[in-house]
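Fold the following.
(one chain, ligands or ions: 1)
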Amino acid sequence: MQAARHVVCALSGGVDSAVAALLLRRRGYQVTGVFMKNWDALDEHGVCAADRDCEDAYRVCQVLDIPFHQVSYVKEYWNDVFSDFLSEYEKGRTPNPDIVCNKHIKFSCFLRHAMGSLGADAVATGHYARTSLEDEEVFQQKHVKRPEGLFQNRFEVRNPVKLLQAADSFKDQTFFLSQVSQEALRRTIFPLGGLTKGFVKKIAAENGLQHVLQKKESMGICFIGKRNFEHFILQYLQPRPGRFISIEDNTVLGTHQGWFLYTLGQRAKISGLREPWFVVDKDSTKGDVLVAPRTDHPALYRDLLRTNRVHWIAEEPPAILVRDKMMECHFRFRHQMALVPCVLTLNQDGTVWVTAVKAVRGLTLGQFAVFYKGDECLGSGKILRLGPSAYTLQKGRSRATAAPKGSGDNPGDSPDLSPTP
Ligand SMILES: Nc1ncnc2c1ncn2[C@@H]1O[C@H](COP(=O)(O)OP(=O)(O)OP(=O)(O)O)[C@@H](O)[C@H]1O
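The predicted structure follows:
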């Protein structure tokens, strides 16, 4: 008789991974729970949130009667996730540490530990996502030899595993998994991929997992928690005072502590002003933040962006994109936002231009544009350039019709929002 398959499940101390481990047990697998400690500072109440979560993960293992392990990736998280987070903010971008954490910590450090030290046949997480592999196909991957040599032969990844959206489209977390490697996905089971959150909670309630049910859903960036973002980030980055400037007439409306505190699209909170103003751009040389007076101001809308080299889940761009250099698909740049129809144009260097069929609000440098074709998450690229806003285009058009040929810019013109290198 074949020995039970060994699955190592990442347990966060939350309800989703607890139920994932329970379902794996029900499938007859030998399950081990592992808690990762990635951040060990105290939270806003002076409590180490990671210790509390670890305790909850341990209790899940007790209820399920499975072994429990704890690993620390505090150093790796700092080097690979948090340092990148800070340096992106310093560049005026808005990073997504959850995507970077999945790539470098959960689906790299943890995966290696589980497969190597713990002898797993597969790993599992409580993410709401699916892949195109059945469990048995995942177990067989353990015995597939990796291609040798420095460069992997492009034809060696035959029949790549697909990353598919979860059945519960509201909970779908493929956005956060869009930078995960093919090799990791081939070894991963997502037991919750076909379930709704409501059903997962019901399973937890019926199986003695009340202690994780009562916990609040994890929201936002884990190491910041409910703390004020400005206070948090100013512990790590030097203040860089600058001005808030109206994009409409260049008037100075106030001052701020650092342009890295602001993300395109967010409300600016300018002291002394009652009306809401929204961040539409940042001037990297002067440190100024440009703002517009309405939440639907055309300066907030763009239909063009360029990414860095795209990480394709299949390791290769889709064949149709390679052939035609263009492809229709959908994208989103924030978790849970509606998918936006777009056209991708593939560049020689593996980067893409993304043209949305309609201008979208709040496109931001540093965020990931995540691509979808039907149910399939194709991969993602970090947004490194933005096209001109609808406002800049409107102004350009009216100038072209009004001004005599050859007239230059005047001081009242809006700042240049055209793509920057
Ligand atoms: N500290 C951790 N240790 C081990 N696994 C973790 C940890 N944090 C997250 N995970 C894994 O990643 C999955 C997704 O994490 P996320 O932070 O998005 O939590 P979630 O969707 O609220 O899930 P959960 O309810 O399990 O906390 C979790 O279900 C779990 O498998």
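
for the stretch 101-250 of the chain, which spans come out with low pLDDT?
For the stretch 101-250 of the chain, the stretches flagged by pLDDT under 70 are 143-158, 216-227.

If you check it against the ligand, which residue is the closest one?
residue 126 (2.5 Å; Cβ to the nearest ligand atom). For every residue, glycine as well, the C-beta is placed using N, CA and C.

How many residues are close by that residue?
The local packing of residue 126 (other Cβ atoms under 10 Å) involves 22 other residues.

do the same with the one 3 residues further on
As a burial measure, the neighbour count of residue 129 was computed by other Cβ under 10 Å and equals 24.

what does the one 3 residues further on give?
Residue 132 sits with 13 neighbouring residues when counted by other Cβ under 10 Å.

now the helices for the stretch 301-421 of the chain?
Per DSSP state H, counting those that start in this stretch, the stretch 301-421 of the chain has helices spanning 319-324, 390-402. These are given in chain order.

tell me the average confidence for the first one?
In other words, helix 319-324. For helix 319-324, the per-residue pLDDT values average out at 96.

in the sheet, who's paired with the closest residue to residue 286 other than its chain neighbours?
Here the nearest residue to residue 286 in space, its sequence neighbours aside, is residue 242; by Cβ to Cβ, 6 or more residues apart in numbering that works out to 6.6 Å. Each beta-bridge partner of residue 242 is listed here, defined by DSSP bridges: residue 256.

which residues touch residue 242?
Counting by Cβ atoms under 8 Å, 6 or more residues apart in numbering, residue 242 touches 255, 256, 258, 259, 283, 286, 287, 288, 289.

Just the ones of these in strands?
Restricting the contacts of residue 242 to those inside strands, with DSSP state E as the criterion, leaves 255, 256, 283, 288, 289.

Just the buried residues from those, in PyMOL please.
Per 16 or more other Cβ atoms under 10 Å, the buried members of those correspond to this PyMOL selection:
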select buried, resi 256+283+288+289
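
least confident pick among the ones in strands among the contacts of residue 242?
residue 283 (87).

any idea how far that one is from residue 262?
Using Cβ to Cβ, to the nearest Å, residue 283 is found at 12 Å from residue 262.

who touches both of those two?
Overlap of the contact sets of residue 283 and residue 262 (by Cβ under 8 Å, 6+ apart) consists of residue 289.

Centre-most residue in the protein?
In the chain, the centroid-proximal residue (Cα atoms, centre = their mean) is residue 99; its distance is 3.6 Å.

That residue sits in which helix or strand?
Element membership for residue 99, per DSSP states H and E: helix 97-101.

what helices or strands is that helix leaning on?
Counting contacts by 3 or more Cβ pairs under 8 Å, 6 or more residues apart in numbering; DSSP states H and E, helix 97-101 is packed against helix 83-90.

again, only using 10 Å
Packed against helix 97-101 by the contact rule (3 or more Cβ pairs under 10 Å, 6 or more residues apart in numbering; DSSP states H and E) you find helix 74-77, helix 83-90, strand 368-373, strand 376-386.

is it anywhere near the ligand?
No: if you take Cβ under 6 Å from any ligand atom as the test, helix 97-101 misses the ligand, and the best it gets is 7.0 Å.

Residues in contact with that helix: which ones?
With contact meaning Cβ atoms under 10 Å, 6 or more residues apart in numbering, helix 97-101 is reached by 36, 38-39, 73, 76-77, 80-82, 84-86, 88, 106-108, 173, 175-180, 218, 220-224, 311, 335, 367-368, 370, 380, 382.
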